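**Q** return atomic coordinates for the entry below.
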Amino acid sequence: MNNGAHYQYKKRQVEGVDQGTLIIMLYDGAIKFLVLAKEAIESNEVEVAHNCIVRGQAVINELITSLKVDVGEVVVNLLRLYEFMNRQLADANASKDIKKIDSVIRLLKSLKEGWIAVIAKLREDNKAAASTQKPDAEEVKKDPVDVAV
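**A** This next block holds a predicted model:
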């Protein structure tokens, strides 16, 4: 599949998903790139490792830009954590330090699990609320997971 077709496929894959699913996809992408970076370091493929770390940082930057920092302290702390991860990855990229990459992967996996739990709870709450009252047409159109990210 050429790059244009691959891009169009990925674009279509992302376009109809709710916000919660998109967040999980971002976490999965960052983790995937960092695992590939570790493998490249172990294989002494410095350029591949660099590119994978940079791509992992790009995904984390996408998570940062999706945050609504005016929402509260939890979001500000999440922003700080993302910034910490990016600094760790910059250091790991300079020194090809697998331990720093591993620590970021662990953080990403932990955050992903937290998001999965939050999203599941929000979906459950939305279903419960929908079953107790008849939604009007406008509510039906809303994203089932409307989280402040």
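
**Q** what's around I41, how many residues?
**A** By other CB atoms under 10 Å, the residues close to I41 number 22. Where C-beta positions appear, they are placed from N, C-alpha and C, glycine not excepted.

**Q** equivalent analysis for K68, please.
**A** Neighbour tally, K68, other CB under 10 Å: 10.

**Q** where does it sit: helix, strand or coil?
**A** Following DSSP: H, G, I helix; E, B strand; the rest coil, K68 is assigned to coil.

**Q** buried set for the strand or helix carrying K32?
**A** Element membership for K32, per DSSP states H and E: helix 19-42. By 16 or more other CB atoms under 10 Å, the buried positions in helix 19-42 come out as 20, 23, 26-27, 29-31, 33-34, 36-38, 40-41.

**Q** distance to L111 added to the residues you listed, as CSV?
**A** CSV is the format used below for the buried residues of helix 19-42 (distance: CB to CB, whole Å):
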residue, distance to L111
G20, 13
I23, 9
L26, 10
Y27, 7
G29, 13
A30, 10
I31, 10
F33, 16
L34, 13
L36, 19
A37, 18
K38, 19
A40, 24
I41, 23
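
**Q** which one of those residues sits closest to K96?
**A** I41 (4.9 Å; CB to CB).

**Q** for stretch 21-39, the distance to its chain's centre please.
**A** Relative to its parent chain, stretch 21-39 has a centroid offset of 7 Å by CA atoms, centre = their mean, to the nearest Å.

**Q** that older thread, what helices and strands are in contact with the helix holding K32?
**A** Secondary-structure packing of helix 19-42 (3 or more CB pairs under 8 Å, 6 or more residues apart in numbering; DSSP states H and E): helix 46-65, helix 98-132.

**Q** what's the shortest one packed up against?
**A** Read it as helix 46-65. In terms of contacts (3+ CB pairs under 8 Å, 6+ apart), helix 46-65 is packed against helix 19-42, helix 73-95.

**Q** perfect, I'm done here.
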